[in-house]
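>>> Please work out how this folds:
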Amino acid sequence: FFEMSSCALGTYEDLSNVIDVSSLECLNEKPDKGVSRIFPPSGGILESDADEQLLMNIAFTQAVKLHSLEFLAPNDGRRPEKIKLFPNMRVVDFGEAEDAPGTQEVELDWLPHDGSRMKAIVLTKFVKFQDVKHLCIFFSSNVDDVDNTALSGLSLFGTVLSDTNMKNLKKSG
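Numbers count the residues shown, from 1 in each chain. Predicted coordinates for the structure are as follows:
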């Protein structure tokens, strides 16, 4: 459902298998168009309810190095325009998300994906996304300043950090 560009994303893997789907949360989502619908293999739509803002919290079952995010959205004015990324920070309300500086703040650059959707790829400031156990994404606005923001897909790319048990290491020399 998502393609990975080898030149843009390198050899990083799709991290969907380490997303803790049971703890996905998105504030201001329409009840019938919730966040779990945009992760593979669902292929549904996530849409905001009361206004254009969305606040998504994603937990991982293992720590990851997050290299990039790939967003898919309908080819209309509802696609997100500006986002803030907060690794290892659980942002609990919109006031906090608006006021806090994001670890990375991005204006999305949308390109055609297929007849009805657009795609935007965000490369993280990799050194700041090295041991990520939780990711908060704040969608502050959309491209046409309309009442609802919509996404049709989100893929996260990077590497899973293996757990190292220090007790199992042997002293050398």
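
>>> Buried residues, the longest strand anywhere in the chain. List them.
The strand of greatest length in the chain, counted in residues with DSSP state E as the criterion, is given as strand 54-74. Burial within strand 54-74, assessed by neighbour count using 16 or more other C-beta atoms under 10 Å, is assigned to 54-60, 63-73. Using the backbone N, CA and C atoms, a C-beta is placed for each residue, glycine as well.

>>> The helix or strand that residue 118 is a member of to strand 54-74, inter-axis angle?
Following DSSP states H and E, the helix or strand that holds residue 118 is strand 117-123. Inter-element angle recorded for strand 117-123 and strand 54-74: 130 degrees (by axes from the mean of the first three to the mean of the last three C-alpha atoms, to 10 degrees).

>>> Would you mind identifying the next helix or strand past strand 117-123?
Where DSSP H and E defines the elements, the next helix or strand beyond strand 117-123 is strand 132-142.

>>> average pLDDT across the helix or strand just after that next one?
Proceeding N to C from strand 132-142, the next assigned helix or strand is strand 150-151, under DSSP H and E. The pLDDT scores in strand 150-151 average 96.

>>> who's in contact with the top helix by length along the chain?
Looking only at the chain and at elements set by DSSP state H, the helix with the highest residue count is helix 94-99. Here helix 94-99 makes contact (C-beta atoms under 8 Å, 6 or more residues apart in numbering) with 27, 28, 53, 55, 84, 86, 91, 136, 138, 140.
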